[in-house]
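>>> fold the following and give me the result.
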Amino acid sequence: MVKTVDKHKSTLGYEILSEPQVHNKNQWTKIGKYNTFMTNELRKITEKTLIYSMNIPIDLESLIKVNAQNLAKMAPQNKVNVVFKMSLYGIPSGGYQGDKLQLFENASQLAGVPLYVGEWNNVKRVATTSVDGRKNFEISTNQSDISQADANTILQKFKGKALWGMAYWSWSFLSEKTPNFNLVKFAYDKTTGEGKVKLTKYFDIMKNAYLEVFGKSAVHNVSENSKAIRVN
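You can find the predicted model right below:
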């Protein structure tokens, strides 16, 4: 895969494994060994950025001991041009979201690896119970949404942390249960056989937030007049 896409300028780098699962406190070093192996192998064929991911679940009071010291154990031994990815689905002004952001900042400093927010948005989850009695938390389509003020606040928090980078979630033209997250929507014209990817209001919210917080340099690739992208 790397040999196929590495020559393209649009390929920034590679995520090794998204959100590895941790089931007990003894597995943190195992993930570190895996990330070390993968980094060493990928370095034989690419010098582009390599990303290793936070774990799941992120329960700050669980028996797997989600703390900065254990999170740092996931870092590969070779840390040259390597970044640590986390996701944040809420406004980190306090409580769980604020604690989570601080936790991962501490972990990245301990590991000596820059922190990257690979997904961010304002998400609300509600508790549900499965048929076998297990408690789950699912995204609420009705309660989840993001305003311009929310987006600006989140990016202001990120700016104060001097992150390596960040990416809005999500950019998908597929049908979603939570369409209020999508920057684009897809429409297919049966008569002409053409498809159009149209920008949603969330595209403008994202663009304006980056412009407000980081200035024009952050959105230099976004056309002010861009309202639709044609897909043939």
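>>> check contacts around K185.
F173, P179, V197, K198, T200 (CB atoms under 8 Å, 6 or more residues apart in numbering). C-betas here are computed from N, CA, C, even on glycine.
>>> what does the pLDDT read for the residue nearest to S170 when sequence neighbours are not counted?
Using CB to CB, 6 or more residues apart in numbering and skipping the chain neighbours, the partner closest in space to S170 is F181 (5.4 Å). In this model, F181 is scored at 82, pLDDT.
>>> wait, isn't F181 in contact with S144?
Yes - counting by CB atoms under 8 Å, F181 does reach S144; the two are 7.3 Å apart.
>>> quick one: which of the two has more around it?
Taking other CB atoms under 10 Å, F181 and S144 do not tie; F181 has more neighbours (23 against 19).
>>> report the rounded mean pLDDT for stretch 15-32.
Per-residue pLDDT over stretch 15-32 has a mean of 95.
>>> buried residues, it. List them.
I16, E19, P20, V22, Q27, W28, I31, G32 (16 or more other CB atoms under 10 Å).
>>> and if you look at stretch 206-222?
Residues M206, K207, A209, Y210, L211, V213, V219 are the ones in stretch 206-222 that count as buried (16+ other CB under 10 Å).
>>> what touches both of F181 and S144?
Contact criterion CB under 8 Å, 6+ apart; residues shared by F181 and S144: N121, V123.
>>> V197 contacts N182, correct?
No - counting by CB under 8 Å, V197 sits too far from N182 to count as a contact (10.3 Å).
>>> quick one: the strands in the protein?
13-15, 49-53, 82-88, 115-120, 125-129, 135-139, 165-168, 184-189, 194-199, 228-231 (DSSP state E).
>>> residues touching Y14, list them.
For Y14, the contact set (CB under 8 Å, 6+ apart) comprises V2, L42, T46, K48, T49, L50, I51.
>>> how near is the nearest residue to the fourth one once chain neighbours are set aside to V82?
Yep, that's K48 we're talking about. Of all residues not flanking K48 in the chain, G13 sits nearest, at 4.5 Å (CB to CB, 6+ apart). To V82, G13 is 9 Å away according to CB to CB, to the nearest Å.
>>> next: R134.
From R134 over to V82 (counting by CB to CB), the distance is 36 Å.
>>> more neighbours, these two?
For R134 versus V82, the count of surrounding residues by other CB under 10 Å is larger for V82: 22 against 8.
>>> I'd assumed I51 was in contact with that one.
Yes - counting by CB under 8 Å, I51 is a contact partner of V82 at 7.5 Å.
>>> I'd like to know which of the contacts of Y14 are buried.
Neighbour-count burial (16+ other CB under 10 Å) is assigned, among the contacts of Y14, to L42, T46, T49, L50, I51.
>>> just to revisit the earlier point, bridged to the residue nearest to K48, which residues?
Beta-bridge partners recorded for G13 (DSSP bridges): T49.
>>> distance between the ends of stretch 9-28?
With CA to CA, to the nearest Å applied, stretch 9-28 spans 34 Å between its terminal residues.
>>> circling back to that earlier point, tell me which of V197 and N182 has more neighbours.
More crowded of V197 and N182, by other CB under 10 Å: N182, with 20 against 15.
>>> phi, psi for the more buried one please.
N182 adopts backbone torsions of phi -70, psi 140, taken as degrees, to the nearest 10.
>>> having no further points to raise, I will conclude here.
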